[in-house]
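>>> quick one: sequence plus predicted model below, questions after.
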Amino acid sequence: MFTQGRSAIFTGLIAFSSAFSNLVAARPEYALRTGINRCTACHYSPAGGGPRNLEGKYYGSAGFKLSPFSAQQYAGAEVKFLYYSPEKRSEVRNGLAAMAGSVWAAIPLTENERTTTRLVGEQNIGGFTAAGPRHLYLQIADRDGLKKSWIPQHIQFGRMIPPFGLMTDEHRTYVRLQSASAWNQNVAIGLLLSGNPYDSLHYDIGAMNGGPLNDGSRLSAGQASQWAYLGNLRFQPARGGFLFGLSAVHYDAEVGVAKTSRAAQSAYAAFSLHRWTGGRVPATLLAEYAEAVNMNGTFTNTFVSDVTAYGPSVASTRSKGILGQLNYDLTAKVQLQYKFDSLILDSNFPADAYDRHGFGVKHYFGPNMWFQMRYERATSSRPGEEAGIGAGAIDAFWTVVNAAI
């Protein structure tokens, strides 16, 4: 049953999606188009991403009619298929594969005049990630979807995707790799508090157990005394056509290991040229700058070509990354995309950079169904990298097909 606040959000989303059905995977664009600075307008998690509520399903329908199986708020499923064709195909992994598959349920446990307590669970059933739970958390949520208070309106405990930087569906984005915050690996277990003291201001504060790749599926030595502390602050005026945010995470040093602590920070923004020009330029610009310390070791084993010497030498250095993306809505359901990624693994050697330019298209062909194609040109100014097989210096063409209910 909808409260007054959630009914207002639902009505606004449906009206807006009927007028502008060209939706994209980068979730900040949803917020910019609607002027709603609450991820719970479409998702159960206040951090965004993961299982979508009924409003989110309708908004993602892109103007198509939902099936009876999808038009409910208690369960869903999603699959992603990938065709990946890089250069040097005889030396690196490539081909057609089932990238991800999951089913989920959101079960109301108790409800009173002020709050709803629910259990949200998402189970991997296939794909690159091993089978097992993905999201699995207990949530206490304020029933007033438009409430404004410094007191958290959402309390979440369990396994979830913690908020960091721009929430997008692309796990190969350089700023996501360097901060271990990609959707397919950034699953953590702990406590998250979220709220909106004003409509234009959203915050998340959390404490997660373990290191940057601990997904909460197992216990390990020393884990009980190793914690991560995170914060995310996002400002988005309802009529401004832009948003700006700051994220930070700090990981305690590993117990019994002679290493410093890990940390990452991000400053991100998004701008709706569509709203600024009254619809004459139907485009959105996304931008993010991130720095991280002692995080490179989580991904350089496949990213760099020289994994024997260079990879270990930058495992604990300070990295700097940049994301820039322009999405242009060619038609109601077809979008052209340009994406720029840049990464310096050691800030003391800025000449050793990795850059990637991507040109692609995305098309919605059904309710919550789309395919996306992109060609990416990757280069590295570090000597010898382009001659190897590291992902940071390999050109590639890929296609992803996604379907969800």
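Yep, it's here.
>>> which parts of the protein are helices?
The residue ranges that make up the helices of the chain, judged by DSSP state H, are 4-19, 28-34, 54-59, 174-178, 273-276, 300-303, 310-313.
>>> rank those helices by mean pLDDT and give me the bottom one.
Across those, helix 4-19 has the smallest mean pLDDT, namely a mean of 48.
>>> where does the prediction get shaky in this structure?
Along the chain, the model assigns pLDDT under 70 to residues 1-27, 30, 129-132, 184-185, 255-259.
>>> in it, where's the longest strand?
What stands out as the longest strand in the chain, according to DSSP state E, is strand 95-111.
>>> now do that strand: which elements does it pack against?
Applying 3 or more C-beta pairs under 8 Å, 6 or more residues apart in numbering; DSSP states H and E, one finds that strand 95-111 contacts strand 75-86, strand 115-127. (Each C-beta comes from the backbone N, C-alpha and C, glycine too.)
>>> go ahead and name everything in contact with it.
44, 50-51, 53, 73-84, 116-129, 134-135, 143, 184, 400 (C-beta atoms under 8 Å, 6 or more residues apart in numbering).
>>> now, of these, which are buried?
When those are checked for burial by 16 or more other C-beta atoms under 10 Å, the buried set is 44, 50-51, 53, 73, 76-84, 116, 118, 120-124, 127, 129, 134-135, 143, 184, 400.
>>> got a list of what Asn232 touches?
With contacts taken as C-beta under 8 Å, 6+ apart, Asn232 has the following neighbours: 47, 163-164, 203-204, 245-248.
>>> now, which of those lie within strands?
Under the assignment DSSP E, those contribute 203-204, 245-248 to strands.
>>> any chance of these in a markdown table with distance to Tyr268 and neighbour count as columns?
Compiled in a markdown table, the ones in strands among the contacts of Asn232 are given as follows (distance: C-beta to C-beta, whole Å; neighbours: other C-beta atoms under 10 Å):
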| residue | distance to Tyr268 | neighbour count |
| --- | --- | --- |
| Tyr203 | 15 | 17 |
| Asp204 | 14 | 25 |
| Gly245 | 5 | 21 |
| Leu246 | 8 | 14 |
| Ser247 | 7 | 24 |
| Ala248 | 12 | 16 |
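>>> ok, the residues you listed vs Ala228, which is closest?
Sorting those by distance to Ala228 puts Ala248 at the head of the list, at 10.7 Å, by C-beta to C-beta.
>>> correct me, but the closest one touches Tyr268?
No. Judged on C-beta atoms under 8 Å, Ala248 makes no contact with Tyr268 at a distance of 11.9 Å.
>>> what pairs with Thr284 across the strands?
Following DSSP bridges, Thr284 is listed with bridge partners Ser272, Asn327.
>>> tell me how many other residues crowd it.
Around Thr284 there are 24 other residues, counting by other C-beta atoms under 10 Å.
>>> name the nearest residue to Arg118, ignoring sequence neighbours.
Residue nearest to Arg118 in three dimensions, not counting chain neighbours: Pro108, with 5.0 Å by C-beta to C-beta, 6 or more residues apart in numbering.
>>> distance of the one you found relative to Tyr74?
As judged by C-beta to C-beta, to the nearest Å, Pro108 and Tyr74 stand 8 Å apart.
>>> ok, now Ala263?
As defined by C-beta to C-beta, Ala263 lies at a distance of 39 Å from Tyr74.
>>> ok, Ser220 next?
Computed with C-beta to C-beta, the distance linking Ser220 and Tyr74 is 34 Å.
>>> give the bridge partners for the residue lying closest to Gln265 once chain neighbours are set aside, please.
What sits nearest to Gln265 in space, not counting adjacent residues and going by C-beta to C-beta, 6+ apart, is Ala248, at 4.7 Å. According to DSSP bridges, the residues that bridge with Ala248 are Gly231, Gln265.
>>> residues contacting Val175?
With contact set as C-beta under 8 Å, 6+ apart, Val175 has these partners: 165-166, 181, 266, 288-290, 321-323, 341, 343.
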